[in-house]
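Participant: Sequence plus predicted model, see below.
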Amino acid sequence: MASITPLRDAVAGLIRDGDTVALEGFTHLIPHAAGHEIIRQGKTDLTLVRMTPDLIYDQIIGMGCAAKLIFSWGGNPGVGSLHRFRDAVEQGWPHPLAYEEHSHAGLANAYVAGASNLPFALLRGYTGSDLPKVNPNIRFIECPFTGETLAAIPSIRPDVTVIHAQKADRRGNVLLWGIIGVQKEAVLAAKRSIVTVEEVVDSLDAPPNACVLPGWAVSALCPVPGGAYPSYAQGYSARDNRFYKEWDPIARSREGFAAWMKRHVLDTDDFDGFKRVLAETAGREIG
């Protein structure tokens with residue numbers, strides 16, 4: 001059964017230097033608060049996994065926490081590049097970043113294989129693609145039944161998966177709804193997991209097509225209302241599109257990025273503190 005614990009304690013106890021860590025969420029429910037806590041605690045040498053690394057991975061990479069990135073798309077959604085990610089790959093700042101690129105289908109299947117306790121995933125998707133030329137972990141095997149050539153990739157089995165969700169009950173069962181990415185598969189594939197939630201309730205009333213993660217799959221449950229900001233949590237908050245646009249000039253220079261991260265993340269105690277400082281500097285209400 002998951003323990004209900006402060007996010008600071010969950011990150012300190014469950015994420016270790018050198019771990020493979022997946023912070024998943026698709027369009028909404030992106031675990032920004034947990035990412036900031038990883039940065040505050042100065043975790044290092046992490047292998048980060050995410051299907052769609054965006055702003056929080058730009059921040060984690062730019063603060064020197066990551067040694068490698070396994071991903072299938074990266075960018076500032078609707079705006080452009082991740083400048084800290086690009087600087088790490090192209091210029092080695094703050095230090096070189098290894099990376100392994102997949103298709104969405106490939107990485108999703110790798111999570112499924114990990115959740116199924118299998119060593120690799122099979123799919124047709126890489127046939128005719130140029131990705132095998134740059135990713136040696138994409139290999140091809142012959143089907144023993146049909147003779148068909150299929151792509152094989154290693155399963156993804158994170159040391160820790162981190163997600164954000166709308167609700168959990170006091171036994172640690174977690175409810176997600178809306179756009180669901182690979183959160184379920186990523187949690188089930190992981191050795192340990194941290195789930196931040198909007199609220200903890202006595203019992204869950206799951207709507208149709210919702211996803212419920214059982215408490216036995218969750219290591220730590222952390223109440224963090226608004227913990228997905230600037231992404232959103234359907235039913236609780238709206239996406240702050242302005243912040244995504246504002247991030248582009250902040251992240252373009254190393255000095256501007258470092259100063260912003262110090263003021264808003266390193267010099268704040270928690271995610272509530274981050275949002276208070278951001279509201280002061282932005283001159284507007286922060287959800």
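Facilitator: Great, that's in hand. Residues are numbered from 1 along each chain as shown.

Participant: Show me where the stretch 1-150 of the chain has its helices.
Facilitator: All helices of the stretch 1-150 of the chain, identified by DSSP state H, counting those that start in this stretch, fall at 7-14, 32-40, 55-62, 83-91, 104-115, 131-134.

Participant: One more: the stretch 151-287 of the chain?
Facilitator: Counting by DSSP H, counting those that start in this stretch, the stretch 151-287 of the chain has these helices, from start to end: 183-189, 241-252, 254-261, 271-282.

Participant: Report the mean per-residue pLDDT for the first one.
Facilitator: For helix 183-189, the mean pLDDT works out to 97.

Participant: List every C-alpha atom in it, with coordinates, as PDB.
Facilitator: Taking C-alpha atoms only, helix 183-189 is exported to PDB below (Å, rounded to 0.1, in the frame of the first residue of the first chain):
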ATOM      1  CA  GLN A 183       1.300   6.700 -17.200                       C
ATOM      2  CA  LYS A 184      -0.200   3.300 -16.300                       C
ATOM      3  CA  GLU A 185       2.400   1.400 -18.200                       C
ATOM      4  CA  ALA A 186       5.300   3.500 -16.900                       C
ATOM      5  CA  VAL A 187       4.200   3.000 -13.300                       C
ATOM      6  CA  LEU A 188       3.700  -0.700 -13.700                       C
ATOM      7  CA  ALA A 189       7.100  -1.000 -15.400                       C
END
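
Participant: Can you name every helix or strand that it contacts?
Facilitator: helix 104-115, strand 160-169, strand 211-213 (3 or more C-beta pairs under 8 Å, 6 or more residues apart in numbering; DSSP states H and E). For the C-beta atoms, the positions are set from N, CA and C on the backbone; glycine is no exception.

Participant: Pull out the buried positions in stretch 180-191.
Facilitator: 180, 181, 182, 183, 184, 185, 186, 187, 188, 189, 190 (16 or more other C-beta atoms under 10 Å).

Participant: Now distance to residue 158 too, for those residues, in TSV please.
Facilitator: Listed next are the buried residues of stretch 180-191 as TSV, based on distance: C-beta to C-beta, whole Å:
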residue	distance to residue 158
180	18
181	15
182	11
183	12
184	13
185	11
186	7
187	9
188	11
189	6
190	4
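
Participant: what pairs with the nearest residue to residue 184 once chain neighbours are set aside across the strands?
Facilitator: Using C-beta to C-beta, 6 or more residues apart in numbering and skipping residues adjacent in sequence, the residue nearest residue 184 is residue 211, 5.4 Å away. Counting by DSSP bridges, residue 211 is bridged to residue 176.

Participant: ok, now which ones touch residue 211?
Facilitator: Residue 211 makes contacts with 175, 176, 177, 180, 183, 184, as judged by C-beta atoms under 8 Å, 6 or more residues apart in numbering.

Participant: go again using 7 Å as the cut-off
Facilitator: Neighbouring residues of residue 211 by C-beta atoms under 7 Å, 6 or more residues apart in numbering: 176, 180, 184.

Participant: one step back: so which of the helices of the stretch 1-150 of the chain gets nearest residue 245?
Facilitator: Among the helices of the stretch 1-150 of the chain, the nearest to residue 245 by C-beta to C-beta is helix 55-62 (11.1 Å).

Participant: and that closest one, how far from the chain's centre?
Facilitator: 10 Å (C-alpha atoms, centre = their mean, to the nearest Å).

Participant: one step back: relative to residue 9, which of the helices of the stretch 151-287 of the chain is closest?
Facilitator: helix 271-282 (14.2 Å).
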